[in-house]
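1. What shape does this take:
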Amino acid sequence: MTYIQDGYTVEITSRKSEFDICVTAPDGDVWRTYAQWDMNEAVAAAARTIEAMKQDFARKTHAQTEFLAFIGDRAVQCADITHRFKTERICQLRQHYTKAEYNTFLQSLDFRYDAGYGSQELYGTIWFTDGTWAIRGEYDGSEWWQLCNRPAIPQELI
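-> Prediction:
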């Protein structure tokens with residue numbers, strides 16, 4: 001049995017006294033569970049799974065929104081960002097980019113990831129035209145963008 005609920009695709013297959021449940025979210029995330037006894041329990045389990053997936057989606061960080069909030073009014077020279085989770089997604093913005101290339105880059109950041117505790121998922125560097133740059137900071141799986149300034153040149157090197 002296959003049906004769509006709130007944009008989530010639910011597939012329920014029967015195996016003897018158990019039902020395998022596969023729920024696919026609009027963003028492609030897939031969760032699997034099972035239920036015992038009857039189809040009514042399987043449909044209820046699918047509904048609970050959808051609610052859990054919605055909560056999980058809501059707590060994840062939207063990479064594009066995070067990027068735009070972080071850069072603020074700083075002019076970006078170029079950027080190299082990689083999302084490593086189930087697969088690897090590389091988002092690059094080359095120097096001397098056009099407005100269309102910038103928009104394509106922003107579209108490539110249109111995904112959510114777990115910036116909380118666990119394994120780091122987002123890696124990269126953003127270079128700004130003012131000579132500063134940003135790297136991904138990470139501690140115990142929690143991650144963030146960290147702005148770096150060029151250190152002052154010591155007097156003995158001038």
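2. okay, CA-based contacts and neighbour counts for the rest of this
-> Noted.
3. How much space separates the closest residue to residue 33 other than its chain neighbours from residue 133?
-> Excluding its sequence neighbours, the residue lying closest to residue 33 (C-alpha to C-alpha, 6 or more residues apart in numbering) is residue 21, at 5.2 Å. Distance of residue 21 to residue 133, computed by C-alpha to C-alpha, to the nearest Å: 46 Å.
4. Run through the bridge partners of the nearest residue to residue 108 once chain neighbours are set aside.
-> Distances taken as C-alpha to C-alpha, 6+ apart place residue 91 nearest to residue 108, at 6.0 Å, with adjacent residues excluded. Beta-bridge pairing of residue 91 under DSSP bridges involves residue 81.
5. surely residue 91 meets residue 111?
-> No: with contact defined as C-alpha atoms under 8 Å, residue 91 does not count as touching residue 111 (11.3 Å).
6. of those two, who's got more company?
-> Between residue 91 and residue 111, counting by other C-alpha atoms under 10 Å, residue 91 is the more crowded of the two (17 against 14).
7. ok now the top helix by length along the chain, how far from the chain's centre?
-> Ranked by residue count, the top helix of the chain under DSSP state H comes out as helix 39-59. Centre-to-centre, helix 39-59 and its host chain are 20 Å apart (C-alpha atoms, centre = their mean, to the nearest Å).
8. List the buried residues for that helix?
-> By neighbour count on 16 or more other C-alpha atoms under 10 Å, the buried set for helix 39-59 is 39, 42-43, 45-47, 49-50, 53, 57.
9. and what of stretch 27-37?
-> For stretch 27-37, by 16+ other C-alpha under 10 Å, it's 31, 34-36.
10. Show me where this protein has its strands.
-> 2-5, 8-15, 18-24, 30-36, 61-62, 76-84, 88-93, 112-113, 122-128, 133-139, 142-148 (DSSP state E).
11. right, and those - which one's nearest residue 158?
-> strand 142-148 (21.8 Å; C-alpha to C-alpha).
12. Without its sequence neighbours, what residue ends up closest to residue 144?
-> Using C-alpha to C-alpha, 6+ apart, the closest residue to residue 144 is residue 137 (5.2 Å).
13. Could you check how far residue 28 is from residue 22?
-> Taking C-alpha to C-alpha, one finds residue 28 at 12 Å from residue 22.
14. If you could redo that for residue 88, that was the one I meant.
-> 23 Å.
15. before we move on, the earlier item: okay, and the beta partners of the residue nearest to residue 33?
-> residue 12, residue 33.
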